[in-house]
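Return atomic coordinates for the entry below.
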Amino acid sequence: VNKNNQYALNVVIFKPTDGTIEEDMVDNVSNVMLYVQKWYEKQMELNGYGKKTFGLVTNQQGKAKVTIVDGLEPSTYYADNSRDVNKEVNQYFDDNPDEKMSNHTFVLGKKDSGVPFYGLGKNAFATSSDFVLTSTGEFIGDLELMICDKLGGIMHELGHGLNLPHCAHKASDLPKIALMSFGNHTYQKDGKSSLVFLTASDCAILNVSETFNKKDKLYYDAAEIKLESFSVQKDNAKQATIVQGFLTSNVKANHFYVGHNGYPLEGGYDNITFTTPLSATNKENEFSFSLEMPYTDIFNGFQAKDIFELSLVVVLDNGLKSILYKYDYTIDALSPEPNEDIEKEYEAFVLSDRSEWVITANTNTTSNPAAQMLDGNLDTYWHSIWPYVIADKGAHVITIDMSEAKTFEGVYLLSDRSGGQFRPKHVILETSNDGSTWNNVQQNTIATIGEAREVMLNFDTTVTSQYLRLTIDEVYVSSGTEENLIFTEVDIIE
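The predicted structure is shown next:
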């Protein structure tokens with residue numbers, strides 16, 4: 001590996017049965033990867049991380065190792081079944097484990113080979129008509145910038161394979177353009193390659209990506225992370241929004257960033273990020289964060305949007321990235337500044353002891369039963385049967401016997417699964433003292449899918465009862481038409 005004792009990126013050329021791989025193509029791909037390695041290194045250096053970049057396996061002549069994986073089908077098959085490229089590459093490394101140098105693999109192919117152009121987990125895919133590098137005549141410091149067909153896209157998709165999500169540049173970054181926004185297109189334009197860059201949040205993520213680090217520890221093991229509290233407040237004197245708060249993690253937390261993504265979200269290409277290192281407090285496993293975000297920075301000229309999603313994200317030392325919280329706010333494009341609804345105060349909800357409770361649902365799955373809504377484990381959840389269509393099967397109904405009469409002020413719901421699918425939209429709350437006769441307490445419509453992740457449905461007055469029933473007759477679905485439902489935890493607010 002050309003970075004001492006470091007994990008290395010697996011570089012693959014995928015060859016369908018009707019394809020050919022010439023020796024000069026392997027050399028050209030090697031040259032591209034060595035150049036992209038230097039480009040990423042320069043971006044990390046500019047962000048204060050020194051000459052840090054992903055590792056590559058190289059031979060005595062300095063050429064990058066490129067593994068050729070022979071596909072089982074012709075290119076026309078993969079054009080319609082691109083995910084099979086991923087399956088066959090993964091199978092290759094399962095059969096040849098000694099050749100796998102990390103969890104990250106970059107699969108390249110000729111144009112029209114059927115190799116796709118996207119990131120998929122820790123694997124990424126891209127194509128080019130030739131992979132032949134030529135100079136742009138531009139420089140970033142001492143790095144001469146090179147170009148080939150689709151090189152901007154190659155660098156962008158590799159970013160996904162190294163854990164990077166889409167994100168955008170701030171207004172103060174202009175005229176520079178973030179690679180993980182639409183910088184892949186900007187890079188290909190004459191005289192524009194030097195404008196493309198990695199953001200501070202990109203580099204914070206790459207700093208703890210496996211392939212950027214030495215083989216002295218394992219990466220991506222699960223962690224226990226909890227957002228304890230945060231405050232988002234406008235400061236008109238500073239013309240900035242101030243974010244402060246605390247989180248806990250049993251793995252060292254390195255960085256924290258806030259995203260501002262305008263609706264429609266469109267995959268995060270417009271997600272403007274603000275990043276800060278985390279500080280350990282004097283409490284065990286606790287870290288604090290504080291950020292100042294100038295109002296004008298979220299108006300980078302590429303959005304004609306008046307609703308934004310704000311996200312809070314932590315980056316851990318073992319390479320994990322976790323979205324801790326999301327909510328929507330609106331902006332005043334004429335000012336320009338965020339409206340008052342960006343302000344928020346949050347304190348983490350403390351789950352009660354529900355060990356004596358019994359919970360049932362009108363539908364269950366074997367792997368995700370209703371009891372998991374009461375287990376206090378945020379990694380487990382209840383999932384309704386699927387596919388579920390409310391018009392055909394009726395509303396989702398969840399009934400809880402609390403074993404004794406409880407006096408409480410509301411209901412807490414957590415629906416926290418990756419992707420934000422299948423969250424409650426309209427909830428009817430009822431109570432009973434005998435489990436047979438029910439009293440309607442209130443109905444709640446949750447305003448957005450983001451807010452539906454974690455909600456506290458407070459009553460107008462306290463109630464006392466042993467039984468609680470939730471009827472969910474509308475569900476938020478981010479894609480598709482299935483009205484399945486997921487709850488991680490259900491509790492009462494006492």
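
Just give me how far stretch 374-387 sits from the chain centre.
Offset of stretch 374-387 from its chain centre (CA atoms, centre = their mean, to the nearest Å): 21 Å.

Identify the residues contacting it?
Residues from elsewhere that reach stretch 374-387 (CB atoms under 8 Å, 6 or more residues apart in numbering): 222, 351, 354-355, 357, 359, 361, 363-365, 367-373, 396, 414-417, 422, 482, 484-490. The way it works is simple: take the backbone N, C-alpha and C, and place the C-beta from them, glycine included.

Quick check on those residues: which are buried?
Among these, those scoring as buried are 351, 354, 357, 359, 361, 363, 368-373, 396, 414-416, 422, 484-490 (criterion: 16 or more other CB atoms under 10 Å).

Among these, name the ones in strands.
Per DSSP state E, strands hold the following members of these: Ile359, Ala361, His396, Leu414, Ile486, Phe487, Glu489, Val490.

The third one contacts Ile472, correct?
Just to be clear, that refers to His396. Yes. Using CB atoms under 8 Å, His396 is in contact with Ile472, at 4.3 Å.

buried stuff in the helix with the most length in the chain?
Longest helix in the chain, counting residues (DSSP state H): helix 23-46. By neighbour count with 16+ other CB under 10 Å, helix 23-46 contains the buried residues 25-26, 28-37, 39-45.

what about Asn2, neighbour count?
Residues within reach of Asn2, counting by other CB atoms under 10 Å, total 16.

And the closest residue to it other than its chain neighbours, how close does it get to Asn439?
Among residues not flanking Asn2 along the chain, Thr58 sits closest, at 4.5 Å (CB to CB, 6 or more residues apart in numbering). In this view, Thr58 and Asn439 are 72 Å apart by CB to CB, to the nearest Å.

go on, Ile449?
From Ile449 across to Asn439, the span is 29 Å (CB to CB).

Neighbour count: these two, which is higher?
Ile449 (21 against 12).

which stretches of the stretch 151-300 of the chain form strands?
Using DSSP state E, counting those that start in this stretch, the strands found in the stretch 151-300 of the chain span residues 177-178, 196-197, 225-235, 240-249, 253-262, 272-277, 279-280, 286-294.

The ones you listed: which one's closest to Val107?
strand 196-197 (22.6 Å; CB to CB).

returning to that earlier point: any chance of the ones in strands among the buried ones among the contacts of stretch 374-387 in a markdown table, plus distance to Leu334 and pLDDT?
Shown next, in a markdown table, are those (distance: CB to CB, whole Å; pLDDT from 0 to 100):
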| residue | distance to Leu334 | pLDDT |
| --- | --- | --- |
| Ile359 | 50 | 97 |
| Ala361 | 48 | 95 |
| His396 | 43 | 96 |
| Leu414 | 38 | 93 |
| Ile486 | 40 | 93 |
| Phe487 | 41 | 94 |
| Glu489 | 42 | 95 |
| Val490 | 43 | 96 |
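
can you count the residues close to the residue nearest to Thr241 when sequence neighbours are not counted?
Closest residue to Thr241 apart from its sequence neighbours, by CB to CB, 6+ apart: Met293 at 4.6 Å. Number of residues near Met293 (other CB under 10 Å) recorded here: 23.

go on, Asp70?
Asp70: 12 neighbours (other CB under 10 Å).

so where's the stretch 351-494 of the chain shaky on pLDDT?
Judged against pLDDT under 70, the low-scoring parts of the stretch 351-494 of the chain cover residues 418-420.

what about the helices in it?
390-393 (DSSP state H, counting those that start in this stretch).

before we move on, what about the stretch 51-200 of the chain?
Ranges of helices within the stretch 51-200 of the chain are 75-80, 83-95, 151-161, 184-187, 200-207, based on DSSP H, counting those that start in this stretch.

other SSEs contacting the fourth one?
Right, helix 184-187. For helix 184-187, the elements it packs on are helix 151-161, judged by 3 or more CB pairs under 8 Å, 6 or more residues apart in numbering; DSSP states H and E.

outside of the helix it packs on, which residues touch it?
For helix 151-161, contacts defined as CB under 8 Å, 6+ apart pick out 9, 32, 36, 39-40, 104-106, 108, 117-120, 122-126, 128, 133, 179-180, 183-188, 193, 196, 198, 202.

Got a ChimeraX select line for the buried ones in those residues?
Remark: buried members of these, expressed as a ChimeraX selection using 16+ other CB under 10 Å:
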select :9,32,36,39,40,104,105,106,108,117,118,119,120,122,123,124,125,126,128,179,180,183,184,186,187,188,193,196,198,202
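
low-confidence ranges in the stretch 151-300 of the chain?
Short version for the stretch 151-300 of the chain, where the test is pLDDT under 70: none.

80 instead, please
264-266 (pLDDT under 80).

Would you mind confirming that Leu468 makes contact with Glu430?
Yes. Leu468 is in contact with Glu430 according to CB under 8 Å; the separation is 7.5 Å.

Quick check on these two: which one has the bigger neighbour count.
A count of neighbours by other CB under 10 Å puts Leu468 above the other of Leu468 and Glu430, at 24 against 19.

Please determine how far Asp434 is located from Thr17.
69 Å.

Of these two, give the one with the bigger neighbour count.
Thr17 (12 against 9).

Am I right that that one sits in a strand?
No. Using DSSP: H, G, I helix; E, B strand; the rest coil, the secondary structure at Thr17 is coil, not a strand.

Quick check on it: phi, psi?
Per-residue torsions, Thr17: phi -60, psi -30 (degrees, to the nearest 10).

what's the closest non-adjacent residue to it?
Pro74 (5.1 Å).

Val232 now?
Lys344 (4.7 Å).

Kindly report the same for Leu278.
Per CB to CB, 6+ apart, closest to Leu278 is Phe287, 4.2 Å.

Surely that neighbour is in contact with Thr281?
Yes. At 6.7 Å, Phe287 counts as touching Thr281 under the criterion of CB under 8 Å.

So between those two, which is more surrounded?
Phe287 (23 against 12).

Tell me who's in contact with that one.
Phe246, Leu247, Thr248, Ser249, Ala253, Phe256, Leu278, Ser279, Ala280, Thr281.

To what extent is the first one buried, counted in neighbours?
Taking other CB under 10 Å as the criterion, the count of residues near Phe246 is 17.

follow-up on the earlier one: can you tell me how far the residue nearest to Thr241 sits from Leu278?
In terms of CB to CB, Met293 sits 17 Å off from Leu278.

what do you get for Thr360?
Here Thr360 is placed at a distance of 42 Å from Leu278 (CB to CB).

ok, now which ones touch Ile177?
His169, Gly183, Thr186, Lys192, Leu195, Val196, Phe197.

who does it bridge with?
Per DSSP bridges, the residues bridged to Ile177 are Val196.

picking that back up, now, of the contacts of Phe287, which are buried?
Listed as buried from those are Phe246, Leu247, Thr248, Ser249, Ala253, Phe256, Leu278; burial here means 16+ other CB under 10 Å.

Can you name the two of those that sit furthest apart?
Top of the distance list for these (CB to CB): Thr248 and Phe256, 12.8 Å.

any idea which residue sits dead centre in this protein?
Centroid-nearest residue in the chain, with CA atoms, centre = their mean: Pro165, separated by 6.1 Å.

Tell me, how many residues neighbour Gly19?
Neighbour number of Gly19 under other CB under 10 Å is 19.

Likewise for Gly153?
Gly153 is flanked by 18 other residues according to other CB under 10 Å.

Next, find the distance separating it from Glu309.
Taken as CB to CB, the span from Gly153 to Glu309 is 26 Å.

ok, now Leu195?
27 Å.

Could you do Thr281 as well?
Distance from Thr281 to Glu309, by CB to CB: 28 Å.

same deal with Asp70?
Per CB to CB, Asp70 is found 43 Å from Glu309.

With Leu247 instead?
In terms of CB to CB, Leu247 sits 19 Å off from Glu309.
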